[in-house]
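>>> My questions are about this predicted structure, shown below with the sequence.
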Amino acid sequence: MEYPFKEIERKWQKIWEQKRLFYVNEQDNRPKYYLLSMFPYPSGTLHMGHISNYSIADAIARFKIMNGYKVLQPMGYDGFGMPAENCAIEQNSHPKITTYQNIEKMRGQFKAIGFGYDWDREFATCDEEYYRWNQWIFLKMYEKGLVYKKSSFVNWCPHCKTVLANEQAENGYCWRCDTKVIQKEVEQWFIKITDYAEELLDHSKLGKWPQRVITMQKNWIGKSYGIEIFFKLAGSDETIPVFTTRPDTIFGCTYMVLAVEHPLVKKLKIGSQYEEEIDKFVNRIINENKILRTAKDTEKEGIFTGKYAINPVNGKKIPIWIGNYVVMDYGSGAVMCVPAHDQRDFEFAKKYNLPIRIVIQNWDKTLKLKEMKEAYIDDGIMSNSEQFDGMKSRDAIDMIYEWMEQKNIGIKTVNYHLRDWGISRQRYWGTPIPIIYCDKCGVVPVPENQLPVKLPENVQVGKTTQNPLKTASDFVNTTCPKCGGPAKRETDTMDTFFDSSWYYARFCDPKNDKMPFDKDIAAHWLPVDQYIGGIEHACMHLLYARFFHKFLRDIGLVFTDEPFTNLLTQGMVTKDGAKMSKSKHNVVDPQYIIDRYGSDTVRIFMLFASPPEKDVEWNDEGVKGAFRFLNRIWILISEKKDFLINSPTNYNEDAEISQSLKNLRYSTHHTIKKVTEDIEDRMQFNTAIAAIMEHLNNVTAFKVDENCSDIEKAIYRESVEIIPKLLSPFAPHLAEEIWEMLGNKPSIYESGWISYNEKFLIKDEILYVIQINGKIRSKITVGLNTSKEEVEKLALSDKKVRSYIEGKEIKKVIIVPQKLVSIVIN
RNA sequence: GCGAAAGUGGCGGAAUUGGUAGACGCGCUGGACUUAGGAUCCAGUCCCGAUUUAUCGGGGUAGGGGUUCAAAUCCCCUCUUUCGCACCA
C-alpha cells in the first residue's frame, strides 16, 4: 500500500497558504534571513535542475523558519530574452502572450511542489513595472558617466541581419540559418564595469563563497601590472602607445604589430606601396570569426605597413606590421615585439624573417641565437641592454619603470582582462534603451518623468530580418525632450543580464512605483544571506550583480558592499552521465515523477543522492528507494499513533534503564545532533537524511507493546516524535501530516526546531580499538572514567593482545582517549 | 598549453580533527508471505584464503614512493577525469 501523498500534499499546501506561513514583512520582529535561488527563465515547464536547486533552498528556508527566523524566500521570472522571442516565433505567437502563459504554467508547478515562497512578491522582469526601473538605473548610470556608446566589432549574421552572441556563432556559422558569420562594426551601448574592476577583484567582504567562483572571477577580471611605453612614428610626431608587462625586454624589441582594427592602420597605409595588399589583408582578417581568429592554435599572419617606429630606449628604427594575433580591445591594440623572449613574437619573426635579439641570458649564459627553437621567456641576466647589463631581469623591471617615467617615455599602468559590458541587443523582447536621437540636440536621455519607455506590442516578431523595433514607426518616431522637435528612439534593447543584476533588491519592495525599491526596506532585508544557483553564472550574472550592487551603493540606494553574503553553487542533474537535454533524449519530466510519487519523494531523492555542490545522477530505482523510506515512516506512524498518543511524555531521566532502551535514546539524541549540524554547519543534506533513515531503522527494530513500562513507552514516544521534526526541511508535507497524526497542533513550522540532550550522548562504556604495530588486533570495552593507566593495563592484559606481545619487547604504547590503544613492539 | 578540483565496492555516496574504511540508499543473492510479484518483510552482500562457518588471517580508498605508532585523509612523482581560462602583450 502506498501512502496517500496526493491528498496530503494538497491538504498542507492549502493550510500553509491560509496561514500565510511564508509571507513576511518588516514589522515582524524575528531576525531576518533572506534566501534566494536564481530565478528561472520561463520556459513553461520546470526541469529537474530547477527541482534540485529549489529543493535545496526550501530545505534551508524551512530549517531557518523552525529556528526562529523570518525567512524571505521569493520567486520570480527572468522573462525577457532571445529564447522567449524565438519560442514565440516558433509558435507563431507573440512573446508577451507566450511568456505570460509559460509563467502561469510554472507558477502552477511551483505551487504543486509546495515550495515556501512569498507569492506576494512575485514578478517577471518583462513586467512594465519592473523594466521601467531598468531604464531608471540605466539613466542613473548615464548621469554618472558610466554609460557610453562606441562602435565595436560583433558577430553578425548577414542573413538574419542580427548580432549573435559568441555561443551562437561557435563554429563561425549562424546557429539558425547556417550562414557564415562575419564581423561587423556596430554602434553599441556599453557600461563601464571596468571602473569597478579593482573593487570587484576584492572578495574579502563576502561570506562563504566557493573558492572556485572567486578564482574564476579573478581570472576573468585578469589584472596585470605593466607600463605603457610611447613609441614615435618615424618621420612624424605621432605617438603609438604600447602596453607591456616585460619592460626588461625593451632592448630586444625588433618590430611592432598593430591589431587590424587599430585606428592607425588607415593612416599608415595611405601612400604606401602596400596599400592594396594591406586593404585585402585587413578586410579578410576583420571578417574572420573573432573567436577562431584569436585562438591560440590559429596560425599567426601579418603584413608589413612600410612604416617604422622608433624604439624610445635606443632610437632604433623598427618596422610596423599588422597582425591577426593582436586584439584591439586589450591594452592599446599595439604590441612591441621581442621575438627572443615571447613565443608568439618568436613564431611571427621566424615566419617573416624579422630580426631576433637576445637581451636576457639564461642563468648559465649559454643562450645562442642560432640554437633557439623557441623563445626564452623566463627570468635571467640582462644583456645587450646598455646600462642594465648584468642585472637580474626581475630586479631590472622596477628600475626600468622608474627610468622610463623619469625620461617621460612611459607610464606605469594596470590593465584588466575585463572589458566594458556591451548591453545593446538588436532584438525585440527586452527593455528598450531610454535614449532619443535628435538631429538638433544629438543623443538625449529620456527624462525620468517620461519613464517607462514602453515596449510596443503591435510588432510582428519574426516577420522581419532586421531589429523588429525599427519597424514600429509609432515607437521610433517621437519628439525630442529638449527641443520638442521630431526625433527618433533608440531601437536596441538591453541584454537580459541587466534585468537579473538587481532583481534580488526588487524582491524587498516589489510593488514600489516611486523607486526601484525603498532604500530603508531594502536595508532591512539586504544583503541576501544565502544565494543558490548554478556555477555557470560565475563570471557573468554574479559579476554583473556585484557590480550593480556597488553602483546602487554609490547612488545611496543600498548600504552594503556585496549583494550576496553566502553562495552555494549546486550541481547539475545528469542521467547516463550527461546533462539532461532534449538532443540526448535523457530528459526526465519532474511532473511525471511528482504525479507518481509526490513532491516529498522527489525532494528526498534529490537531496539524498549527493551533496548539494555535486552533480546528481538521476536514478529511477533511487526514487523508489526514497518513496519506500517515506512509506515506512507513514506505516510506522499509522500503526503506532494510538499507542503513542497514550504513551507518557515525561519520565525520570536518571532512572536505571536497559541497554537497548539506552541505545534507542542515544539514537534519538544523536540523530537530532547529526541532522542539526549537517544542515546548519555543513549544508550536507545527504548525510542528514541518511541519519534519519538510520534512526528509523533503530526505531522499527525496537519492539513495543501495551505491556511495556511507562519509561519504555515514553522513550519510544520521544524517538518517534523527533521524526516529523527532522523530516520537516526535506519532506514537508509528510512531516506536517505525521506531526498532526501524533496529536500535535499544526503547523509544525510554528513549533520550533528540537534540541538534543548532551546527557544522553554520553555512553557509560567506551570501546577501545587495540592496534599492535598498526594492525587492529583486539577491542576492549571499559568504563567511562577509566584512567589512561588503567586502559593501558587492561589492553596489555587482553587475552588476544597477550598472544601477540608474548616474548616481545614493548617499545611504546599510545593511548588516544575514548578511541584506541596503539602498541608498538619489535 | 596554463590553472583549479576530484579519483573510495556492481552504482550514488559516507568516514566532520591523521585514529575500527565502505554509514545510508540503490542493485544483487537467498528466504518468508503469495495464484502472482515489478508490493512488503527478514537475512546476506569490498576482494582473496583458511576454518571449528555466530571464527580467523591477508590484501584493499587511481598507480608508485615518503612522513607517522597510525594515512582515503599530510608531502612528492605519475596517470585519469571534470571544470575554468586559453595568442591579453
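Everything's here; your move. As the structure is a computational prediction, the values presented were derived from the model and not from experiment. Numbering: from 1, shown residues only, chains lettered A, B, ... in the order given.

>>> Work out the gap between stretch A:737-753 and the centre of the chain.
Mean C-alpha position of stretch A:737-753 versus that of the full chain (Cα atoms, centre = their mean, to the nearest Å) differs by 36 Å.

>>> buried residues in that stretch?
Residues A:737-742, A:744, A:746-749, A:753 are the ones in stretch A:737-753 that count as buried (16 or more other Cβ atoms under 10 Å). C-betas here are computed from N, CA, C, even on glycine.

>>> Just the closest of those to A:Thr254, please.
Closest approach to A:Thr254 among these (Cβ to Cβ): A:Trp753, at 71.8 Å.

>>> For the closest one, which residues are in contact?
A:Trp753 makes contact with A:63, A:66-67, A:676, A:725, according to Cβ atoms under 8 Å, 6 or more residues apart in numbering.

>>> And A:Asn362, by the same measure?
A:376, A:378, A:380-381.

>>> Which one of the residues in the stretch 101-250 of chain A is closest to RNA strand B?
Proximity of the stretch 101-250 of chain A to RNA strand B (Cβ to the nearest atom of the strand) peaks at A:Thr244, 3.0 Å away.

>>> Do I have it right that that residue meets A:Tyr225?
No: no contact is recorded between A:Thr244 and A:Tyr225 when judged using Cβ atoms under 8 Å, the distance being 10.7 Å.

>>> So for those two, which sits in the more crowded spot?
A:Thr244 (22 against 11; other Cβ atoms under 10 Å).

>>> picking up where we left off before, any quick PyMOL command for the buried ones out of the contacts of A:Asn362?
Here is the PyMOL command that selects only those of the contacts of A:Asn362 that count as buried (16+ other Cβ under 10 Å):
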select buried, chain A and resi 376+380+381
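
>>> Relative to A:Val71, which of the contacts of A:Asn362 is nearest.
If you rank the contacts of A:Asn362 by distance to A:Val71 using Cβ to Cβ, A:Asp378 comes first, at 55.1 Å.

>>> sec struct for the closest one, please.
Local secondary structure at A:Asp378 is given as coil here, using DSSP: H, G, I helix; E, B strand; the rest coil.

>>> residue ranges for the helices of the stretch 551-700 of chain A, please.
For the stretch 551-700 of chain A, the helices defined by DSSP state H, counting those that start in this stretch cover A:590-597, A:599-609, A:620-645, A:659-677, A:685-701.

>>> A:Pro339: which of the ones you listed is closest?
Nearest to A:Pro339, of the helices of the stretch 551-700 of chain A and by Cβ to Cβ, is helix A:599-609 at 54.7 Å.

>>> so what's A:Glu275 up against?
Going by Cβ under 8 Å, 6+ apart, A:Glu275 touches A:Lys269.

>>> what pLDDT does it get?
We have a pLDDT of 87 for A:Glu275.

>>> Now do the same for A:Ser660: its pLDDT.
The predicted structure scores A:Ser660 at 89 on the pLDDT scale.

>>> Spatially nearest residue to it, not counting backbone neighbours?
A:Phe702 (7.0 Å; Cβ to Cβ, 6 or more residues apart in numbering).

>>> Give me the domain ranges for chain A.
If the domains of chain A are taken from automatic domain parsing, they occupy A:5-123+A:497-594, A:223-416, A:598-761, A:765-825, with pieces of a single domain joined by a plus sign.

>>> A:Phe153: which of those is closest?
Ranking the domains of chain A by their distance to A:Phe153 (criterion: Cβ to Cβ) puts domain A:223-416 first, at 6.5 Å.

>>> So what does A:Tyr34 have for phi and psi?
As for A:Tyr34, its main-chain torsions (degrees, to the nearest 10) stand at phi -100, psi 120.

>>> Could you report the pLDDT at it?
A:Tyr34 is assigned 98 on the pLDDT scale.

>>> So it is in contact with A:Ala523, correct?
No: A:Tyr34 is beyond contact range of A:Ala523, at 11.7 Å (criterion: Cβ under 8 Å).

>>> Show me which of these two is the more surrounded one.
With neighbours defined as other Cβ under 10 Å, A:Tyr34 and A:Ala523 compare such that A:Tyr34 has more, 24 against 16.

>>> which residues pair with the more buried one across the strands?
Here A:Tyr34 sits in beta bridges with A:Leu72, as judged by DSSP bridges.

>>> Can you pull the residues of the stretch 601-750 of chain A lying near RNA strand B?
Where proximity means Cβ under 7 Å from any atom of the strand, the interface of the stretch 601-750 of chain A facing RNA strand B comprises A:608-611, A:614-617, A:619, A:621-622, A:624-626, A:628-629, A:631-632, A:674, A:677-678, A:681-682, A:684, A:686-687, A:689-690, A:693-694, A:697, A:700-701.

>>> Narrow these to those that are buried.
Going by neighbour count (16+ other Cβ under 10 Å), these have A:608-611, A:616-617, A:622, A:625-626, A:629, A:631-632, A:674, A:678, A:684, A:686, A:689, A:693 buried.

>>> contacting residues for the closest residue to A:Asp764 other than its chain neighbours?
Here the nearest residue to A:Asp764 in space, its sequence neighbours aside, is A:Leu784; by Cβ to Cβ, 6+ apart that works out to 5.1 Å. When the contact criterion is Cβ under 8 Å, 6+ apart, the partners of A:Leu784 are A:762-766.

>>> The nearest residue to A:Ile637 once chain neighbours are set aside: which element?
Across the structure, with Cβ to Cβ, 6+ apart as the measure, the residue nearest A:Ile637 apart from its sequence neighbours is A:Ile738 (4.5 Å). In this structure, A:Ile738 is located in helix A:732-741 according to DSSP states H and E.

>>> Stretch A:147-161: which residues count as buried?
Judged by neighbour count using 16+ other Cβ under 10 Å, the buried positions of stretch A:147-161 are A:147, A:152-157, A:160.

>>> Which single one of those residues is nearest to A:Thr565?
Proximity of these to A:Thr565, judged by Cβ to Cβ, is greatest for A:Val147, which lies at 28.9 Å.

>>> from what I can see A:Leu292 touches A:Ile285, true?
No: contact criterion Cβ under 8 Å: A:Leu292 and A:Ile285 do not qualify, at 11.1 Å.

>>> for the stretch 1-150 of chain A, what spans make up the helices?
A:5-19, A:48-66, A:82-90, A:95-113, A:128-143.

>>> Quick one: closest of the domains of chain A to A:Leu206.
Using Cβ to Cβ as the criterion, the shortest distance between A:Leu206 and the domains of chain A is 5.5 Å, found for domain A:5-123+A:497-594.

>>> quick one: terminal-to-terminal distance for that closest one?
Domain A:5-123+A:497-594 has its terminal residues 10 Å apart, counting by Cα to Cα, to the nearest Å.

>>> Please apply the same query to stretch A:78-98.
For stretch A:78-98, the first-to-last residue distance is 14 Å (Cα to Cα).

>>> Just the element for the closest residue to A:Lys317 other than its chain neighbours, please.
Here the nearest residue to A:Lys317 in space, its sequence neighbours aside, is A:Tyr308; by Cβ to Cβ, 6+ apart that works out to 4.5 Å. With elements delineated by DSSP H and E, A:Tyr308 resides in strand A:302-310, which encompasses its position.

>>> Low-confidence regions, the stretch 451-600 of chain A specifically.
Within the stretch 451-600 of chain A, the segments meeting pLDDT under 70 span A:463-465.

>>> And the strands in it?
Secondary structure of the stretch 451-600 of chain A (DSSP state E, counting those that start in this stretch): strands at A:477-479, A:486-489, A:493-494, A:528-534, A:564-570, A:573-575, A:578-579.
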